[in-house]
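Enquirer: From the sequence below, what's the structure:
(one chain, ligands or ions: 1)
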Amino acid sequence: MSDRSGLIGLDLGGTNIKYGVCLPDGTIIDEFIRQTNKDAPAEVILNDLESAARQALDVARQKGIAIQTIGVGTPGSVDVGRGYLKGSTPNFKSWKDVPIKEILERTLQLPVYVDNDANVMAFGEYRFGAGRGYQTIISITLGTGIGGGIILNGKLFRGHNFAGGELGHMSISYRGRKCRCGGTGCWELYASATSMLENFRRWSKGREASSTREIVDLYEQGDPVARRVIETEVAMVAVGVASIINIFNPEIFIIGGGVSEAGDWFIDMIRQRVQQSAMEQSLLGVKIVRAELGNKAGWLGAAAFAREEWLNHLNAENTRLLT
Ligand code: BGC
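Expert: Numbers count the residues shown, from 1 in each chain. Okay, the predicted model is just below:
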């Protein structure tokens, strides 16, 4: 018999799927990671999500936890009501027009809720991390691309057609690089983890870094190329953060993704740059912090988001039956 109820969250990223089992209060029971087949057909990615969820379900069963809901965060624009991935995402080849909720509910026989990966990350920080107690929150995740999550007055802002909040596709250069989204000079082409790895390769004439963690380690050891990469990254991130602060004047700006897990110096450097360029009044009192949940924010947020959507759905059903 299961004596506790729990949640599963899955965070599909351009590099890895991060997922796990947690309790409704965010306590982590177990977590896992596996590689993303981002260039594979959509069926393969769906199979990977399903098999990840099954692994998490097995673990939950062994620990006597009954899973209530499964939450999924995915790049791209998601019709949240239908759990349907509408829009393509530039970092995946054929991941678009996928009825994620419908298929996973059929195969897993549990309620499944789906949202954009950066939205669920923002939600995770809002519920369990650095965003607790704040109502106007911007979060970004610096990964394969740059994802943006916007919480206004305690609610996720998704735009009128679920495609808003694409902060990584804000242009920072009108004659910059061409983005696969169709735009020019998109922020994510200059400030994502991908661009750090590219800059490192270019400036060290062929030396590869396997992760941003490696670049951070080299920076801390005084490597001059890593230093150039990090300084460029700080400048590129800061220029976007300052603009976004001027637009939203949030209470808190949360920076997540692998590189944000570098020492405090990384966020300190960004904060200093932003202070030099954002508008004085827009910046007043804004906290710029790193994601407290680190790389777990996405899957934990997906789990929490799914549970809340499900409870809302149950409440709405009850009200409907009673009236
Ligand atoms: C996509 C977003 C996604 C972000 C992070 C961007 O390229 O357009 O939808 O949130 O990458 O994965």
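Enquirer: counting contacts, what elements does the host helix or strand of I270 pack onto?
Expert: Using DSSP states H and E, I270 sits in helix 264-277. Packing partners of helix 264-277 (3 or more Cβ pairs under 8 Å, 6 or more residues apart in numbering; DSSP states H and E): helix 224-248, strand 287-290. To be clear about C-beta, it is placed using only N, CA and C from the backbone, and glycine gets the same treatment.
Enquirer: chain center to the helix or strand that it is followed by, what's the gap?
Expert: Using DSSP H and E, the helix or strand that follows helix 264-277 towards the C-terminus is helix 280-283. A distance of 26 Å separates the centroid of the chain from that of helix 280-283, by Cα atoms, centre = their mean, to the nearest Å.
Enquirer: Can you pull the residues of the stretch 151-300 of the chain lying near the ligand?
Expert: E166, G168, H169, E188 (Cβ under 6 Å from any ligand atom).
Enquirer: What separation do you get for S77 and the ligand?
Expert: When distance is defined by Cβ to the nearest ligand atom, to the nearest Å, S77 is 7 Å away from the ligand.
Enquirer: Return the set of buried residues in the helix holding I270.
Expert: Buried residues in helix 264-277, counted by 16 or more other Cβ atoms under 10 Å: F266, I267, M269, I270, R271, R273, V274.
Enquirer: For the residue lying closest to K38 once chain neighbours are set aside, which residues are in contact?
Expert: The shortest distance from K38 to any non-neighbouring residue, by Cβ to Cβ, 6 or more residues apart in numbering, is to F92 (4.9 Å). Shown in contact with F92 (Cβ atoms under 8 Å, 6 or more residues apart in numbering): G14, K38, D39, I45, P75, G76.
Enquirer: Now the most centrally placed residue in the chain: which helix or strand?
Expert: Centroid-nearest residue in the chain, with Cα atoms, centre = their mean: A118, separated by 3.2 Å. Per DSSP H and E, A118 falls inside helix 117-128.
Enquirer: quick one: contacts of whichever helix or strand comes after that helix?
Expert: Once helix 117-128 ends, the next helix or strand along the chain (criterion: DSSP H and E) is strand 137-142. Strand 137-142 is contacted by residues 117-118, 121-122, 125-126, 131, 146-151, 167-168, 191-193, 237, 240-241, 244-245, 248, 250-260, 291, 297-298 when judged by Cβ under 8 Å, 6+ apart.
Enquirer: Kindly recompute the last result at 6 Å.
Expert: For strand 137-142, contacts defined as Cβ atoms under 6 Å, 6 or more residues apart in numbering pick out 118, 121-122, 125-126, 131, 146-151, 167, 192-193, 244, 248, 250, 252-257, 259.
Enquirer: now swap in stretch 28-46 and tell me
Expert: Counting by Cβ under 6 Å, 6+ apart, 14, 16-22, 59, 92-95, 98, 103 sit against stretch 28-46.
Enquirer: got it, and stretch 163-177?
Expert: With contact meaning Cβ under 6 Å, 6+ apart, stretch 163-177 is reached by 77, 87, 140, 145-146, 148, 150, 158, 181, 183-189, 239.
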